[in-house]
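> Make a model of this:
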Amino acid sequence: MIGKIVGAIAGKKIAERYGDGPKGALIGAMIPVVARRAFGPLGLAIGGGYLAKKIYDSRKRRARATY
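Okay, the predicted model is just below:
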């Protein structure tokens, strides 16, 4: 249900940007499908790796600033 609402809102924004027509509706309908795939196990692994790198870089920068 929430995915359909988010898809409808995104489809409306895309349709406004590229002109009215079936393109916005089609992309809006595809957003929940893509989001389910993107935020599955692979998405979580990629997000976890990104977060770990950010934390690593932050600690490295902080250690370099103290010397």
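> how many neighbours does residue 64 have?
Look at residue 64: counted by other Cβ atoms under 10 Å, it has 8 neighbours. For the C-beta atoms, the positions are set from N, CA and C on the backbone; glycine is no exception.
> Low-confidence ranges, the chain, go.
The model of the chain has pLDDT under 70 over residues 1, 3, 18-21, 24, 66-67.
> quick one, helices of it?
Counting by DSSP state H, the segments of the chain that form helices are 2-18, 22-38, 41-66.
> Compute the inter-axis angle for the last one and helix 22-38.
So that's helix 41-66. Put simply, helix 41-66 runs at 80 degrees to helix 22-38, going by axes from the mean of the first three to the mean of the last three Cα atoms, to 10 degrees.
> what does the first one give?
Angle of helix 2-18 versus helix 22-38, following the same axes, to 10 degrees, is 140 degrees.
> And residue 5, how close does it get to residue 51?
Distance of residue 5 to residue 51, computed by Cβ to Cβ, to the nearest Å: 28 Å.
> same deal with residue 57?
In this structure, residue 57 and residue 51 are 11 Å apart, going by Cβ to Cβ.
> likewise residue 42?
Plainly put, residue 42 is 15 Å away from residue 51 if you go by Cβ to Cβ.
> Give me the number of neighbouring residues for residue 8.
By the other Cβ under 10 Å criterion, the neighbourhood of residue 8 contains 16 residues.
> where's stretch 51-58 relative to the chain centroid, distance-wise?
A distance of 19 Å separates the C-alpha centroid of stretch 51-58 from that of its chain, computed with Cα atoms, centre = their mean, to the nearest Å.
> Output it as PDB, restricted to C-alpha atoms.
Extracted in PDB, the C-alpha atoms of stretch 51-58 (Å, rounded to 0.1, in the frame of the first residue of the first chain):
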ATOM      1  CA  LEU A  51      28.400   3.200   5.900                       C
ATOM      2  CA  ALA A  52      31.500   1.300   7.100                       C
ATOM      3  CA  LYS A  53      33.600   3.300   4.600                       C
ATOM      4  CA  LYS A  54      32.200   6.600   5.900                       C
ATOM      5  CA  ILE A  55      32.900   5.700   9.500                       C
ATOM      6  CA  TYR A  56      36.500   4.500   8.500                       C
ATOM      7  CA  ASP A  57      37.200   7.700   6.700                       C
ATOM      8  CA  SER A  58      35.800   9.800   9.500                       C
END
